[in-house]
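Enquirer: with the sequence up front, the predicted model follows.
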Amino acid sequence: MMLLTVSANEALTRLADFSTIIDARSESEFAEDRLPGAVNWPSLNDAQRKLVGTEYKQVSPFVAQKRGAALVARNIADHIEREVFDKPRDWKPLVYCWRGGKRSGSLAMVLGQIGFRVHLLEGGYREYRRAVLQALEELPARVNYRVVCGSTGSGKSRLLQVMRTQGAQVLDLEELANHRGSVLGLVPGCPQPSQKQFDSRIWDALRHFDPARPVFVESESKKVGDLRVPPALIERMRASACLHLELPLAARVALLIEDYDFFVTDTEAFCERLNALRALRGNEVVNAWQQTARSGLTPDVVRDLLVNHYDPIYAQSMKRNYTGSELPQLGLEWDGSAASLASAALNAIAAG
């Protein structure tokens, strides 16, 4: 039987060596977070885990063990019939569960008995999570950052996207967080990942960067939506040199209307989201914004939000948090067109 074990720290440096990374946990555990590129082959699904757990507590551990063994054996057989028949002899999977116990061990043993070279992750996902958190304390210091600054609606995310297509190294935290970074930033129908998955996504991005080249990142706060940016990363970002992106106010309004078109088509959703600003702006101001939006004048609300809410907060935040903003900055201007944005991206890369 070709069954080997690998520590979490070693596995994190060797993920590309494995043909397939198999998560033997249930579907809900997998959805919360998993190793990058993992596929889900549950040894027990959510309903089955609940059944076995109930029998363990209410009947006896022995009865639960028998029930679990039957279910696991049946599920492993299904996985082999569905996923393994087409695998070549040199297929090398990495298998894990929550803590490297029976769920992954059973699957790994059967695959090893077939003749595949199987690696079992010691300590399972729990040790992977510990290793990721440790890495997130160390990796941010290994690269140099260039922080893209600019008022809300200036096109920072668009600039990063264009820079990526031009070959720059980009860490897009809003993309990883499924959030656009303001109180209006949660996209309907696109929930944020768990904190664990956000951490994994950041770690996966950081580990691929070339430390000899700069990494461009947006000037985020400590949280993107409901998700926390790793402290070591935010500390490095806030001490890094800044690039300042500027766009005329009218173009900023147009850009936000385009990016948040779902609020234009659903006025009540927009008005509901504005309620989150009552504590900061007061009922009178928010009520006026909602009335204006319901009158079909959403661009007017967006303009007022920028001038009287977001711009003052942004200026205070930059002065307080981004010490790099006090250093000489590269000014990047564009007019809202694709051509000028591409030119700004090239200038940013050249100055990196």
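Expert: Great, that's in hand. Residues are numbered from 1 along each chain as shown.

Enquirer: and the chain, what are its domains?
Expert: The chain breaks down into these domains under automatic domain parsing: 3-133, 143-351.

Enquirer: residues in contact with the lengthiest helix in the chain: which ones?
Expert: If you go by DSSP state H, the chain has its longest helix at helix 61-79. When contacts are defined by Cβ atoms under 8 Å, 6 or more residues apart in numbering, helix 61-79 is touched by residues 41-45, 48, 51-53, 55-56, 102-103, 106-107, 110. To be clear about C-beta, it is placed using only N, CA and C from the backbone, and glycine gets the same treatment.

Enquirer: go on, stretch 279-299?
Expert: Taking Cβ under 8 Å, 6+ apart as the rule, stretch 279-299 contacts 253-254, 257, 263-264, 267, 270-271, 274-275, 277-278, 300-301, 304-305, 309.

Enquirer: tell me the mean pLDDT for that stretch?
Expert: Stretch 279-299 comes out with an average pLDDT of 95.

Enquirer: so that it lines up with my notes, have the first residue be 141 from now on.
Expert: Sure, I'll start counting at 141 from here, so that last one is stretch 419-439.

Enquirer: distance between it and the chain's centre?
Expert: Taking the mean of its C-alpha atoms, stretch 419-439 sits 32 Å from the chain's own mean (Cα atoms, centre = their mean, to the nearest Å).

Enquirer: between the two ends of that stretch, how far is it?
Expert: This stretch, stretch 419-439, spans 23 Å end to end (Cα to Cα, to the nearest Å).

Enquirer: buried residues, it. List them.
Expert: 421, 425-426, 429-430, 432-433, 438-439 (16 or more other Cβ atoms under 10 Å).

Enquirer: same thing with stretch 407-421?
Expert: For stretch 407-421, burial by neighbour count (16+ other Cβ under 10 Å) applies to 407, 410-411, 413-414, 417, 421.

Enquirer: closest to P371 among those?
Expert: Lowest distance from P371 to the buried residues of stretch 407-421 (Cβ to Cβ) belongs to L417, with 27.2 Å.

Enquirer: spatially nearest residue to that closest one, not counting backbone neighbours?
Expert: V426 (5.7 Å; Cβ to Cβ, 6 or more residues apart in numbering).

Enquirer: could you check the distance from the one you found over to T407?
Expert: Distance of V426 to T407, given as Cβ to Cβ, to the nearest Å: 14 Å.

Enquirer: just checking, next helix/strand downstream of the helix or strand of the chain with the lowest mean pLDDT?
Expert: Every helix and strand of the chain was ranked by mean pLDDT, DSSP states H and E. The lowest is strand 470-473, at a mean of 79. Once the chain leaves strand 470-473, the next helix or strand it forms, by DSSP states H and E, is helix 478-491.

Enquirer: check G263 and give its pLDDT.
Expert: G263 carries a pLDDT value of 98.

Enquirer: quick one: it and W238 touch, right?
Expert: No - if you go by Cβ atoms under 8 Å, G263 and W238 don't touch, sitting 9.4 Å apart.

Enquirer: out of those two, which sits in the busier spot?
Expert: Neighbours were counted for G263 and for W238 using other Cβ atoms under 10 Å; G263 has more, 19 against 16.

Enquirer: which parts of the stretch 291-440 of the chain are helices?
Expert: 296-305, 313-317, 335-347, 371-378, 389-399, 401-405, 407-414, 418-421, 423-434, 438-445 (DSSP state H, counting those that start in this stretch).

Enquirer: worst mean pLDDT among the ones you listed?
Expert: Between these, the one with the least mean pLDDT is helix 401-405; it has a mean of 81.

Enquirer: show me what that one is in contact with.
Expert: Helix 401-405 is contacted from outside by 324, 327-328, 397, 409-410, 413, 438, using Cβ under 8 Å, 6+ apart.

Enquirer: mind doing that once more with 10 Å?
Expert: Outside helix 401-405, the residues within contact range by Cβ atoms under 10 Å, 6 or more residues apart in numbering are 324, 327-330, 396-398, 409-414, 433, 436, 438-439, 441-442.

Enquirer: residues contacting the closest residue to D344 other than its chain neighbours?
Expert: Using Cβ to Cβ, 6+ apart and skipping the chain neighbours, the partner closest in space to D344 is P176 (4.6 Å). Contacts here follow Cβ under 10 Å, 6+ apart; on that basis P176 touches 152, 155-156, 161, 340-341, 343-345, 347-348.

Enquirer: which one of these is nearest H319?
Expert: For these, the nearest to H319 is R341 (12.4 Å; Cβ to Cβ).
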